[in-house]
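>>> Sequence and predicted structure are below.
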Amino acid sequence: MEIARHLGAFGIFDDNLECAATVEEPKMRLLAFAALLAAAATPALAAEPFNILGTWIPVSHAAARIGTTPSGAYGTYTKPSLVRDKGLGWNYTFDKQDGAAFSGISHGPKGKPEMTVGVFRMDGRRFVLSTDSGNASGEVNGDEIEICWTDNVPNYIAASCTTYERK
């Protein structure tokens, strides 16, 4: 405003400096609001991924399945089997992690160990993983992880979610 008064002395602004400054204020506010919106719309940088290393054991498990499992971990089900038994969840031991990528071994209740690989999403909390017999998505929740599977292979379909804690 002070600069405008000095420039007004040279005829650059009209005599009504208060009116000129008042007209410019809404434009400046709109520009600041647009800049704020643009900053909020910018994608966030990737978060540091959770340290998933260690052995993870089931604390809760729910599943629905029908058919014969390819791994032999469960029996043959001719009708849908709906279960809530943490003893039927798999254990995981993740022994390698490089940034968002990790790997290890999964152990079924009766099946042989399977190689497991996975990667965290950009938020560092959600992840996907895969084995010889299927794939899953997971999420970190405090000191626990939840892994949810879907299997759709010949003669077997299943869905399950298991919550794990680090041993």
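Noted; the coordinates are in hand.
>>> middle-most residue in this structure, spatially?
In the chain, the centroid-proximal residue (Cα atoms, centre = their mean) is R126; its distance is 2.5 Å.
>>> So for the closest residue to that residue other than its chain neighbours, what pLDDT did the model give?
Nearest residue to R126 in three dimensions, chain neighbours excluded: E139, at 4.9 Å (Cβ to Cβ, 6 or more residues apart in numbering). Yep, even glycine has a C-beta here, placed from its N, CA and C like the rest. As predicted, E139 sits at a pLDDT of 98.
>>> And for T131?
We have a pLDDT of 89 for T131.
>>> And the contacts of the biggest strand by length in the chain?
Taking DSSP state E as the criterion, the chain has its longest strand at strand 54-68. Outside strand 54-68, the residues within contact range by Cβ atoms under 8 Å, 6 or more residues apart in numbering are 74-94, 144-145, 151, 155-167.
>>> try it again with 7 Å
Strand 54-68 is contacted by residues 74, 76-77, 79-86, 88-89, 91-94, 145, 155-167 when judged by Cβ atoms under 7 Å, 6 or more residues apart in numbering.
>>> So which of the residues you listed are in helices?
Among these, DSSP state H puts none in helices.
>>> Which of the helices and strands in the protein ranks last by mean pLDDT?
In the chain, no helix or strand scores lower on mean pLDDT, DSSP states H and E than helix 2-8, which sits at a mean of 52.
>>> Any chance of the backbone angles for S133?
Main-chain torsions, S133, degrees, to the nearest 10: phi -110, psi 0.
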